[in-house]
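Engineer: return atomic coordinates for the entry below.
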Amino acid sequence: MRDKIAVTGSDGFIGRYICKEIIEENFKIKRLYRFKGNENSDTDHNFDLSKKITKNILSDVKCIVHCAAKVHSKEDNSTDNHASFIDLNNESTIHLLKAAASNGVEHIIFLSTVAVYGIDYFLYPVSESHEPNPVTNYGKSKLLAEESIRKQCQLLNMSFTILRLPLIYGPDAPGNFGLIQSVIKKNIPLPFKYIKNIRTMAYVENVANFITYIIKHNKCHNKTLIFSDGSNFSTEDLVTIPRQSAGRRELIFYIPKILIKLVLFLTGKKKIYYQLFEDLQFKTSSEIADIGWKPKVSPKDALINSYNN
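Structural biologist: Numbers count the residues shown, from 1 in each chain. Here you go, the predicted model:
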């Protein structure tokens, strides 16, 4: 019987939450991950997407949530790294689609990224009407994978949903948010007072909940959506909200923004300036509200949970 939801990258940060939500919604699950170990013949499978898929492990699957991907690296824009991003994020997606179609899978949900829009601080907030213009290998490979999904799904008679995700936060989040978490948990004074920029984010549990919602209600087929749960925080918020909730001093102080910019630019840390002090705002696709979905956890509570757990 074709009744399972398969999740690639099920052992990753987002994948683990999606699996948890799928189980809580009483769907049958099939976890697919790249590294060997703890394999259960019914629910857990080693699944190397970099190779042609010959196993029939998708024969009982009706929908795939495709989380597995190569994400950002320090050498993101190197020529050699470009090939590895394309191989892992696009070619492996094509392998998956062909295996899915041959096994009768009906629907694929692909986790893409707002990195497909590139970085132009004069355009924010970015909406679906903006043309993609990725500048990193990660963004380029994800956009290429999106195009492959639309083309292959039409050829293979499958439906798709593409979710362009902003920065995902939550307890033990990797990447930039994880670094911010570690600093904020320490009693280190930070120069973020009056920094009122807007950064669009999404709480990992809300991402997982939205995915199970569209599976359960059969929504958003053949759509490409910018997803957010209303988490629009300033850098000051990222410090003050969790510290206040814990009954701690805010420990933020004021330095003129122009002075911070000058120092960071002169010391070769331009990227840090843009990440912490400028806007990075995206407009959530209107269809997300139109289908009746609401965040499982409010943005403020989500931010507090991210630091308390």
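Engineer: all contacts plus neighbour counts: C-alpha atoms, from now on.
Structural biologist: Noted.
Engineer: can you get me a residue count around the spatially closest residue to residue 189 that is not a sequence neighbour?
Structural biologist: Spatially, and ignoring its direct neighbours in sequence, residue 189 is nearest to residue 251 (4.7 Å; C-alpha to C-alpha, 6 or more residues apart in numbering). Using other C-alpha atoms under 10 Å, residue 251 is surrounded by 16 other residues.
Engineer: domain ranges for the protein?
Structural biologist: The chain breaks down into these domains under automatic domain parsing: 4-165, 171-201+229-282+293-309.
Engineer: mean pLDDT and distance to residue 215 added to the ones you listed, as JSON lines?
Structural biologist: Shown next, in JSON lines, are the domains of the chain (pLDDT from 0 to 100; distance: least, C-alpha to C-alpha, whole Å):
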{"stretch": "domain 4-165", "mean pLDDT": "82", "distance to residue 215": "8"}
{"stretch": "domain 171-201+229-282+293-309", "mean pLDDT": "89", "distance to residue 215": "12"}
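Engineer: most tightly surrounded among the ones you listed?
Structural biologist: domain 4-165 (a mean of 19; mean count of other C-alpha atoms under 10 Å).
Engineer: for the residue nearest to residue 32 when sequence neighbours are not counted, give me its contacts.
Structural biologist: By the measure of C-alpha to C-alpha, 6+ apart, the closest residue to residue 32 outside its immediate chain neighbours is residue 8, 4.6 Å from it. Residue 8 makes contact with 15, 31-33, 64-68, according to C-alpha atoms under 8 Å, 6 or more residues apart in numbering.
Engineer: partners of residue 8 in the sheet?
Structural biologist: On the basis of DSSP bridges, residue 8 is bridged to residue 32, residue 66.
Engineer: that older thread, I'd assumed residue 184 was in contact with the residue nearest to residue 189.
Structural biologist: No: counting by C-alpha atoms under 8 Å, residue 251 does not reach residue 184; the two are 9.5 Å apart.
Engineer: and of the domains of the chain, who's closest to residue 220?
Structural biologist: For these, proximity to residue 220 was assessed by C-alpha to C-alpha; domain 4-165 is nearest, at 6.3 Å.
Engineer: could you check how far the closest one is from the centre of its chain?
Structural biologist: Relative to the centre of its chain, domain 4-165 is centred 11 Å away, using C-alpha atoms, centre = their mean, to the nearest Å.
Engineer: over to stretch 260-272?
Structural biologist: Remark: stretch 260-272 is offset 27 Å from the chain centroid, using C-alpha atoms, centre = their mean.
Engineer: start and end of stretch 293-303, how far apart?
Structural biologist: 20 Å (C-alpha to C-alpha, to the nearest Å).
Engineer: quick one: contacts of it?
Structural biologist: 169-170, 203, 205-206, 209-210, 213, 229-231, 238, 241-242.
Engineer: what's the closest of these to residue 144?
Structural biologist: Nearest member of the contacts of stretch 293-303 to residue 144, counting by C-alpha to C-alpha, is residue 210, at 24.1 Å.
Engineer: can you pull the contacts of the closest one?
Structural biologist: Residue 210 neighbours (C-alpha under 8 Å, 6+ apart): 293, 295.
Engineer: give me the phi and psi angles of it.
Structural biologist: Backbone torsions of residue 210, given as degrees, to the nearest 10, read phi -60, psi -40.
Engineer: try residue 140
Structural biologist: Here is the backbone geometry of residue 140 (degrees, to the nearest 10): phi -60, psi -40.
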